[in-house]
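Student: just to be clear, the model below is a prediction. Sequence and coordinates:
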There are 2 protein chains.
Amino acid sequence: MAIHGGAGTILPYLMTPEKEANYRLGLSEALSIGSNILKNGGSSLDAVEAAVISLENFPLFNAGKGAVFTNKGTHEMDASIMCGLNLEAGAVSGVSNIKNPVSLARLIKEKSGHVFLAGSEAELFAKKCGLTFEDDAYFYTVERYKQWQDVKDSDTYQLDHTDKTEQGEKKFGTVGAVALDKQGNLAAATSTGGMTNKRFGRIGDTPMIGAGTYANNKTCAISCTGHGEFFIRAVVAYDISCLIEYKGMSLKEACDFVVKDKLVKFGGEGGLIAIDYFGNIELPFNSEGMYRAWQFEGKNPEVAIYK
Amino acid sequence: MAIHGGAGTILPYLMTPEKEANYRLGLSEALSIGSNILKNGGSSLDAVEAAVISLENFPLFNAGKGAVFTNKGTHEMDASIMCGLNLEAGAVSGVSNIKNPVSLARLIKEKSGHVFLAGSEAELFAKKCGLTFEDDAYFYTVERYKQWQDVKDSDTYQLDHTDKTEQGEKKFGTVGAVALDKQGNLAAATSTGGMTNKRFGRIGDTPMIGAGTYANNKTCAISCTGHGEFFIRAVVAYDISCLIEYKGMSLKEACDFVVKDKLVKFGGEGGLIAIDYFGNIELPFNSEGMYRAWQFEGKNPEVAIYK
C-alpha cells in the first residue's frame, strides 16, 4: 500500500522540525490504518477509503479538514475512488460541508447508478445517504485562511498549500492512496480541496477517472497529485495503465516515462503513487518533494518527504 | 470531417419520414458548415466548434436548444473541445442558459487558465467573456417536455432523447464533431444535455477529456456518444488513442476493438466518431443506430442513421 499527501516545492529549509514531525505523523497514521485493514484480510477499496479519510481528517493536508479556501471564502472539495476488480468508480466535485468527500465518492460508486456527481445536488445525494456533514468552522484552519488572505484580492490562485509565499513556490496538496489486497484486487482513491482562491467552479484532475485516479486489476492502481490541468490533458493515470497493458512496460518504466519525461516536457509538475498487481510500488514525482508513505506486505512502513 | 447526433435504439419503424428528413437536414447543415471551413483552409478547431454550434442550435438534438430536462425542470448542459496540436482542452459541466456550451468550452480552453469549469460559477466566466445567453424559453421544446413529464415523478431517468417510451429503448443524444485540417491538425468537440430527469448534478463522459472527447495529432480525434458512466470507466476516447500509439493498431482496429468488443462485454452501449492523422474516418457503434455524417476531402458528404 502507498499514500501521498501532495507534491510541490517541499524543501528542508522551508520546513520547521515540528511541522515535519507533524506531516510524518499524519502520513504514518493514515498508512497504518490502511495497512491494518489489508493485514486483516480487508479489501483494497476499504483500505484506500480509510487511509484517505485519515488524511482528510488531518488538518495539514489540503483535503477535508484543512481544505483550501476558494475565491468566495468557501471550501469546495473533489474526490474519487475506483475498484480494479470491476472498474467501478465514483467521483464528486465541488461539494462543501461533507466531512469525508472520499466516502461520498464511494457512495456514488455504490448507490447512485452514476459515476460522477457535482455541486450542491451531490450534497443532496450525500444527505439522502446519511453521510456526515460539518459546518464551515470545522473546515477553517488559520494557515489556510492566511494563504487565502494573501491572494484573495488578486486574480491569481495558489496551486496549493503553500505556506510561504516565496516566488516560484508551488505545492499541490491533494491526498491519495493505492492498495493491493490479499484477494489480488487493486484500488485507488484521491481527495482534494483544489487551489486556494479558485474560481468559476474549477475542476482539477482529482475527480477525473483516468486523469487523477485509476485502478484496473490487469495493470495497476494510481493516485495523482500535481498541476491538475496538465494531468487532465495528459490523462495521466490511464496513460500509465495503457503503457503497461499495451506497450508491455513495467510499472517503474511506465511511471518514470510519464512523470519524469512526458510530464516534464509538457510542463506538468507533480507526482503520483502507483501499485501493480505484483505488489510493486512506485512513487515518482518531478517536483522538489512529495509527502508519501508506503509499506510492502510483511515489511516496515516507510515515510518520506524530500527527494 | 465527421459529426454525430447521438446513438441508441434508432430503428426505421420508430421513425416517420418527416422526422428522418429533419434529422438528415440537421446533420447535413452541420457537416457542410464544418467542411466549408476546412475547405477554405480554416482550422480543425474552428470546424468542429462551428459544426457543434449548428447541432446545438438544431432542436432535434440533445444539446443546446433541444437539451433534455433535468429532474428540476431545468436544462444543464456539458461540453468539451480539444486541440490535437498542443493537447489544449476546455470543458464545462452543468451550465444553464448558455446558447452554445461548446463555445464556452473553447473559451475555457483559451482564456481561463483551466481545463474544466462547472455550474453557476462557469456561467459567471461565460458572462465575463461576453458569451450569448438565452432564457429558459429558448431551450424549451414540446417533445423534450413530454419526455420529462413521462418520467419526472419516478426515480428513473431516461438515457436520452427517447420519444417513444417503449420498453428497452435507449437513446444517447449527445452531438459531436472531429476534423483534420489542411495543416494536419486534429480536433474534437462534444456537447450534450445529458439524461432526461437527471439528478444530483450528474456528469457524464461528454465533458471528460479522455472519456468522451480526445484529440492528439500523433494518433486521432474522437467524440463519443453513449451510456456515459461506462464510457468514463473505460476512458474510451483515450483508450483508442493508446491502442494506436502504444499497440500499433490502425484507427479501424482500435475503434472496432473498443466499441464492438470491449464496450459490448462491459455493457457500455453507444458509439463514437473518429478521424486519424491520415484522414481515415471511422463511425463505429454497438447500438441500433447513430445519427452521423462524414465527408472525405474532395468527396461528397454522406449521411446515415441506421446500421
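Tutor: Thanks, I have it.
Student: hey, where'd the helices end up in the stretch 1-150 of chain A?
Tutor: Ranges of helices within the stretch 1-150 of chain A are A:17-39, A:44-57, A:101-111, A:119-128, A:136-139, A:142-151, based on DSSP state H, counting those that start in this stretch.
Student: where do the strands sit along the stretch 151-300 of chain A?
Tutor: A:171-172, A:175-180, A:186-192, A:202-203, A:213-215, A:220-226, A:270-276, A:281-282, A:289-294 (DSSP state E, counting those that start in this stretch).
Student: partner strands of the second one and their direction?
Tutor: Here strand A:175-180 is paired, per DSSP bridges, with strand A:2-8 (antiparallel), strand A:186-192 (antiparallel).
Student: among the helices of the stretch 1-150 of chain A, which comes closest to chain B?
Tutor: Chain B sits nearest to helix A:119-128 of all the helices of the stretch 1-150 of chain A, at 3.5 Å, using C-beta to the nearest C-beta. Yep, even glycine has a C-beta here, placed from its N, CA and C like the rest.
Student: which strands and helices lie in contact with that closest one?
Tutor: Taking 3 or more C-beta pairs under 8 Å, 6 or more residues apart in numbering or on different chains; DSSP states H and E as contact, the helices and strands that helix A:119-128 lies on are strand A:89-95, helix A:101-111.
Student: ranking those by burial, who's on top?
Tutor: strand A:89-95 (a mean of 29; mean count of other C-beta atoms under 10 Å in any protein chain shown).
Student: the inter-axis angle of that strand versus strand B:89-95?
Tutor: 80 degrees (axes from the mean of the first three to the mean of the last three C-alpha atoms, to 10 degrees).
Student: now for strand A:89-95, which elements pack on it?
Tutor: strand A:77-83, helix A:101-111, strand A:116-118, helix A:119-128.
Student: angle of that strand against helix A:101-111?
Tutor: 130 degrees.
Student: contacts for strand A:89-95?
Tutor: A:76-83, A:98, A:101, A:104-110, A:112, A:115-120, A:122-123, A:126, A:201, A:203, A:207-209, A:213, B:118-119, B:203, B:232-233 (C-beta atoms under 8 Å, 6 or more residues apart in numbering or on different chains).
Student: show me what contacts the closest residue to A:M290 other than its chain neighbours?
Tutor: Nearest non-adjacent residue to A:M290, counting by C-beta to C-beta, 6 or more residues apart in numbering or on different chains: A:A7, 3.8 Å away. By C-beta under 8 Å, 6+ apart, A:A7 lies in contact with A:K171, A:F172, A:T225, A:G226, A:E269, A:G270, A:G271, A:F285, A:S287, A:G289, A:M290, A:Y291.
Student: what do you get for A:F231?
Tutor: A:G204, A:D205, A:A211, A:G212, A:C224, A:A237, A:L263, A:G268, A:G270.
Student: nearest spatial neighbour of the fourth one, chain-adjacent residues omitted?
Tutor: By that I understand A:G212. Once chain neighbours are set aside, the closest to A:G212 by C-beta to C-beta, 6+ apart is A:D205, at 3.6 Å.
Student: phi, psi for the one you found please.
Tutor: In terms of degrees, to the nearest 10, the main-chain angles of A:D205 are phi -80, psi -20.
Student: quick check: A:R292 touching A:G26?
Tutor: No - using C-beta atoms under 8 Å, A:R292 is not in contact with A:G26, being 11.7 Å away.
Student: and the helices in the stretch 151-300 of chain A?
Tutor: A:228-233, A:236-247, A:251-255, A:263-266.
Student: now mean pLDDT too, for those helices, in JSON lines please.
Tutor: Shown next, in JSON lines, are the helices of the stretch 151-300 of chain A (pLDDT from 0 to 100):
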{"stretch": "helix A:228-233", "mean pLDDT": "96"}
{"stretch": "helix A:236-247", "mean pLDDT": "98"}
{"stretch": "helix A:251-255", "mean pLDDT": "98"}
{"stretch": "helix A:263-266", "mean pLDDT": "96"}
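Student: pick out the shakiest of the strands of the stretch 151-300 of chain A, pLDDT-wise.
Tutor: Mean pLDDT is lowest for strand A:171-172 among the strands of the stretch 151-300 of chain A, at a mean of 74.
Student: tell me the contacts of A:G184?
Tutor: Contacts of A:G184 (C-beta under 8 Å, 6+ apart): A:N217, A:Y277.
Student: any idea how far chain B is from it?
Tutor: 20 Å (C-beta to the nearest C-beta, to the nearest Å).
Student: also A:S241?
Tutor: 8 Å.
Student: got the contact list for that residue?
Tutor: A:Y214, A:N216, A:K218, A:T219, A:C220, A:I222.
Student: now the closest residue to it other than its chain neighbours. Its backbone dihedrals?
Tutor: Computed as C-beta to C-beta, 6+ apart, the closest residue to A:S241 that is not its neighbour in sequence is A:T219, at 4.2 Å. When read as degrees, to the nearest 10, the backbone of A:T219 gives phi -130, psi -80.
Student: residues in contact with A:C129?
Tutor: A:C129 sits next to A:L104, A:L107, A:K111 when contact means C-beta under 8 Å, 6+ apart.
Student: these two touch, right, the second one and A:L131?
Tutor: Yes - under the criterion of C-beta under 8 Å, A:L107 is in contact with A:L131, at a separation of 6.6 Å.
Student: any weak-confidence spans in the stretch 1-150 of chain A?
Tutor: By pLDDT under 70, the stretch 1-150 of chain A has no low-scoring segment.
Student: and for A:F257, the neighbour number?
Tutor: 17 (other C-beta atoms under 10 Å in any protein chain shown).
Student: sorry, wrong one. I was asking about A:G73.
Tutor: 13.
Student: with A:T192 instead?
Tutor: With other C-beta under 10 Å as criterion, A:T192 counts 33.
Student: A:K171 is in contact with that one, correct?
Tutor: No - applying C-beta under 8 Å, one finds A:T192 not in contact with A:K171, separated by 11.8 Å.
Student: ok so, going back, what's the neighbour count on the residue nearest to A:S241?
Tutor: Applying other C-beta under 10 Å, I find that A:T219 has 24 neighbouring residues.
Student: run through the residues that contact it.
Tutor: Going by C-beta under 8 Å, 6+ apart, the list of residues near A:T219 reads A:I240, A:S241, A:I244, A:E245, A:D276, A:Y277.
Student: show me the two of those that sit farthest apart.
Tutor: A:I240 and A:Y277 (13.3 Å; C-beta to C-beta).
Student: more neighbours: which of these two?
Tutor: A:I240 (29 against 18).
Student: excluding residues flanking it in the chain, which one is nearest that one?
Tutor: A:A254 (4.6 Å).
Student: follow-up on the earlier one: nearest to B:R144, of the contacts of A:F231?
Tutor: Nearest to B:R144 among the contacts of A:F231, with distances taken as C-beta to C-beta, is A:A211, at 31.7 Å.
Student: give me the nearest residue to that closest one, chain neighbours excluded.
Tutor: A:D205 (4.0 Å).
Student: how about A:S28?
Tutor: A:S28's closest residue in space is A:V303 (C-beta to C-beta, 6+ apart), at 5.8 Å.
Student: same check, this time on A:S223
Tutor: Nearest non-adjacent residue to A:S223 (C-beta to C-beta, 6+ apart): A:G176, at 2.9 Å.
Student: before we move on, the earlier item: which residues sit in contact with the residue nearest to A:S28?
Tutor: Counted by C-beta under 8 Å, 6+ apart, A:V303 has contacts A:R24, A:L27, A:S28, A:L31, A:R292, A:A293.
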